[in-house]
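Enquirer: got a structure for you, letters missing:
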């Protein structure tokens, strides 16, 4: 018998125009679209062609106009500073309009780019929404990234203005952002016209005369700016994701499809109602922060939580429960890493008993594979559904999930449940043929992708094709391997490229290898992700030294670790490397990283048929044994 999920999923694939056209009625349009789906130029599909709207209006102004101005829009909860701040939709409209005016005073107009380099403060959302208000394109860069990573993004996006805070906060330490920004601009070939700096009292930044503008002064002198209509197909933001070459890919998100899809997911996937509090415990620098700290909840008229803290240590393993209890949060979305950290510190859930979680309904996990042990522990502790769901920076929202607003399905450990309406997930073998249910292969999604996904990469249509479309014509390559069972449950097993997942942060081992290769004593190197109970994966470097190097290996390793942390930033979590005599390779010269990873993770492996010298693998095992890895 058909159910709500089956009907929605079927319609979304057989008649996407009808399905998404109906969903689009929940968005305010300045001009209604001419066509829901333009499929005239595959693989470049476009949604709501001819339509005009403003994302900021839909996320902020329309709630005020509907009489909900006094409803809370943002709760900022910072256990690190010991402060809380609550902002209504009416206040958010005023803050956003004023900052849009400040950006306009610095010459920002529709189509210009603005880079945002901010910690978890409400002003980060204000800056994003202000860009959307003007029709400018924002690109948020995670505050943990080092100067050269920021410079790379400045060079690619070519922002007219950079918006930054003077510092970010971690438990027990202050991270000065302003010196990193100054260094990034110094080494970047593109120079922004202006930088608007939010000075935080924990550490103020030194201002550069003629370039830097104080946030407070800029807003005080600005006239509030109205929403600027943009085309549905105009870009809303660029979000850079790790590339296998070390050169980040600028994922583009449009305005129209993005607003429609995210608004729809708030009820269909997360089953929350306007006026409820929704908490995504992530960071504005990642896609979750874009989709479900900023845009999704506000488009739906929910209160969103901006949390500046950690799951443990701010001050203890009960932090999440305290936030859920105080703010009466029914739904939390976080990474499995957070729950592994809580489980490690409080395995018996003693902190849980101190708080009232009677209004808490559902926990959602994503960002990395949720191991069955963590899901079971969370289920037992919270006594609510624990929903793993699968999505990517590129997709912007869930590919597979237990859609609680449509129909709840039994949880199968290890599976993010079924393809969300709009998604046609298939499994292909090496010959690009579909495999039987239960057989492992490459997980792909049949084109066209639904609204709100990436229409292309920033100024890189060819790279978009090469990265995602060419290998499996007619499909989007997820880069993940897994299978779909007979009931339609999707299982995501592993990455098929060299992107590793450290605590929900997708990081490129290629980028780390580029840094290590610059060490004067290193002849060649490789980086793999090894299993870590807490963070999912941790990077491990293998260094082959140049002939004649007499320096102690420990010294070389320490220098190499320092280089990666300085170049990519602490977010890389690069702490360990070993010196080896040589690296296992295929006869064509490709390093066998996958085999090395299996050895490090104590997994069985077959001798690769293409290996050049099989005797190298025992050498790798011996080196790993010395640091406590391998069997």
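Expert: Okay, I see it. A quick note: this is a predicted structure, and the numbers were derived from the prediction, not measured. Numbers count the residues shown, from 1 in each chain.
Enquirer: Domains in the chain, by residue range?
Expert: Split into domains by automatic domain parsing, the chain comes to 4-309+389-477, 499-626.
Enquirer: Flag whichever of those domains has the least confidence on average.
Expert: For the domains of the chain, mean pLDDT drops lowest on domain 499-626, to a mean of 84.
Enquirer: Is residue 484 bridged to anything, and to what?
Expert: residue 490 (DSSP bridges).
Enquirer: Count the residues that sit near it.
Expert: Neighbour count of residue 484, defined by other CB atoms under 10 Å: 24. For the C-beta atoms, the positions are set from N, CA and C on the backbone; glycine is no exception.
Enquirer: thought it was touching residue 437?
Expert: Yes - between residue 484 and residue 437 a contact is recorded at 6.0 Å, counting by CB atoms under 8 Å.
Enquirer: Out of the domains of the chain, which gets nearest to residue 380?
Expert: Closest to residue 380 of these, according to CB to CB: domain 4-309+389-477, at 12.7 Å.
Enquirer: Quick one: end-to-end length of that closest one, please.
Expert: End-to-end distance for domain 4-309+389-477: 28 Å, by CA to CA, to the nearest Å.
Enquirer: Buried deepest among the domains of the chain, which one?
Expert: The highest average neighbour count among these, using mean count of other CB atoms under 10 Å, belongs to domain 4-309+389-477 at a mean of 21.
Enquirer: For residue 345, which of the domains of the chain is the nearest?
Expert: Among those, the nearest to residue 345 by CB to CB is domain 499-626 (10.6 Å).
Enquirer: tell me which element the residue of the chain positioned farthest from its centre falls in.
Expert: Taking CA atoms, centre = their mean, the residue of the chain most remote from its mean C-alpha position is residue 548, at 43.3 Å. Residue 548 is part of no helix or strand when elements are defined by DSSP states H and E.
Enquirer: and the gap between the closest residue to residue 446 other than its chain neighbours and residue 418?
Expert: Leaving aside its sequence neighbours, residue 446 sits nearest to residue 424 (CB to CB, 6 or more residues apart in numbering; 3.8 Å). Counting by CB to CB, to the nearest Å, the gap from residue 424 to residue 418 is 12 Å.
Enquirer: cool, residue 290 as well?
Expert: Look at residue 290 and residue 418: by CB to CB, they are 24 Å apart.
Enquirer: List of residues touching stretch 172-183?
Expert: Identification of contacts with stretch 172-183 by CB atoms under 8 Å, 6 or more residues apart in numbering yields 117, 119, 143-144, 146-147, 150-151, 162, 164-169, 195, 197, 202-203, 205-206, 208.
Enquirer: The stretch 251-400 of the chain: strands as residue ranges?
Expert: Taking DSSP state E, counting those that start in this stretch to define them, one finds strands in the stretch 251-400 of the chain at 277-280, 303-307, 331-334, 362-365, 386-388, 400-401.
Enquirer: If you count contacts, what does the first one end up packed against?
Expert: Meaning strand 277-280. helix 296-299, strand 303-307, strand 331-334 (3 or more CB pairs under 8 Å, 6 or more residues apart in numbering; DSSP states H and E).
Enquirer: Nearest to residue 478, out of the ones you listed?
Expert: The nearest among the helices and strands packed on strand 277-280, by CB to CB, is strand 331-334 at 20.2 Å.
Enquirer: List the neighbouring strands of that closest one plus their orientation.
Expert: strand 277-280 (parallel), strand 362-365 (parallel).
Enquirer: was I right about residue 352 contacting residue 319?
Expert: No - look at residue 352 against residue 319 with CB under 8 Å: they stay out of range, at 11.6 Å.
Enquirer: For the two, indicate the residue with more neighbours.
Expert: The residue with more neighbours, out of residue 352 and residue 319, is residue 319; 22 against 17, by other CB under 10 Å.
Enquirer: Quick one, grab the pLDDT at the more buried one.
Expert: pLDDT for residue 319: 97.
Enquirer: all numbers from here: first residue = 29
Expert: With the count now opening at 29, the last piece we talked about shows up as residue 347.
Enquirer: Against residue 391, how distant is it?
Expert: Per CB to CB, residue 347 is found 15 Å from residue 391.
Enquirer: cool, residue 38 as well?
Expert: To residue 391, residue 38 is 28 Å away according to CB to CB.
Enquirer: now swap in residue 405 and tell me
Expert: Distance from residue 405 to residue 391, by CB to CB: 11 Å.
Enquirer: In terms of neighbours, single out the busier of these two.
Expert: More neighbours surround residue 391 than the other of residue 405 and residue 391, with 22 against 18 (other CB under 10 Å).
Enquirer: Isn't the more buried one up against residue 416?
Expert: No - in this structure, residue 391 is not within contact of residue 416 by CB under 8 Å, at 9.7 Å.
Enquirer: Make JSON lines from the strands of the stretch 279-428 of the chain and add distance to residue 324 to it.
Expert: Below are the strands of the stretch 279-428 of the chain laid out as JSON lines (distance: least, CB to CB, whole Å):
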{"stretch": "strand 305-308", "distance to residue 324": "8"}
{"stretch": "strand 331-335", "distance to residue 324": "8"}
{"stretch": "strand 359-362", "distance to residue 324": "10"}
{"stretch": "strand 390-393", "distance to residue 324": "12"}
{"stretch": "strand 414-416", "distance to residue 324": "16"}
{"stretch": "strand 428-429", "distance to residue 324": "13"}
